[in-house]
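coordinates only, sequence not included:
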Ligand SMILES: Nc1ncnc2c1ncn2[C@@H]1O[C@H](COP(=O)(O)OP(=O)(O)OP(=O)(O)O)[C@@H](O)[C@H]1O
């Protein structure tokens, strides 16, 4: 295994005049839980889409586990896009059985353990679930896979604080033992601060800081303080 799961060198992606990624350069270490942090529109989702090959950069170089993104590297990535939904007429059990049939590296046994751990009623229809319950199903479809990298785009959006804390607690417990590299994006770090052991702060399509979260706290206080400074435009490259 290479020491960095992701290497990005001067990656640019524009939509018309808007540079979603602006010469983004960063390295993400393997085997850590990395937070990709930054306000709305700073390029987090576009960055994730370039990792999965869904978006092709205009220029620059990206490597996932030492290789350019392709269908082959995608076999080893579990990706939860933003605004992911499951079929409302399916039950939780049907969703997990689909995962078992179609997702590389999926373990139904692990999925069922996670469902039990996250308090999912397997016979409940997804359409009747709360946002938090549905979010747990989508997470399990990623976490039950034996892949090198798990990429979760805003997995906590729209989920109330109590459910969010419960999901984060189960993630910490579950991922602590794992050697998988996990990337999680969020623009709302308040309730997930304890989750990340490595952090990347993004702004205007660039990484303005990256490093161990403990170093960030020593240097700047809590992640929440860093965020506040960033919004107040006190943070300069
Ligand atoms: N398909 C697209 N077409 C046009 N503009 C886009 C497209 N995708 C992203 N953008 C623009 O690129 C910029 C970065 O968007 P992106 O979704 O990557 O940011 P983000 O940090 O994930 O935001 P959020 O936290 O709101 O999800 C935004 O200004 C957005 O409007």
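Noted; the coordinates are in hand. The shown structure was predicted, so the numbers you read here are calculated from the model rather than taken from an experiment.

Residue 196 and residue 213 touch, don't they?
Yes: counting by Cβ atoms under 8 Å, residue 196 sits close enough to residue 213 to count as a contact (5.0 Å). All C-beta atoms are positioned from the backbone trio N, CA, C, and that covers glycine.

Within range of the ligand, give me the residues from this structure.
Within reach of the ligand by Cβ under 6 Å from any ligand atom, the chain has these residues: 15, 18, 20, 38, 40-46, 82, 154, 187.

Could you turn the buried ones of these into a PyMOL selection?
In PyMOL, a selection of the buried entries from the residues of the chain next to the ligand looks like this (16 or more other Cβ atoms under 10 Å):
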select buried, resi 20+38+42+43+44+45+46+154+187
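
Cross the residues of the chain next to the ligand against strands and list the overlap.
Among the residues of the chain next to the ligand, the ones falling in strands (DSSP state E) are 15, 18, 20.

residues contacting the last one?
The contact partners of residue 20, by Cβ atoms under 8 Å, 6 or more residues apart in numbering, come to 13-14, 43, 46, 205.

other SSEs contacting the helix or strand of the chain with the lowest mean pLDDT?
In the chain, no helix or strand scores lower on mean pLDDT, DSSP states H and E than helix 223-231, which sits at a mean of 71. Identification of packing neighbours for helix 223-231 by 3 or more Cβ pairs under 8 Å, 6 or more residues apart in numbering; DSSP states H and E yields strand 33-37, strand 198-203, helix 213-220.

List the buried residues for the helix or strand hosting residue 139?
Using DSSP states H and E, residue 139 sits within helix 131-143. Neighbour-count burial for helix 131-143 flags 132-143 (criterion: 16+ other Cβ under 10 Å).

With that, I have no additional questions.
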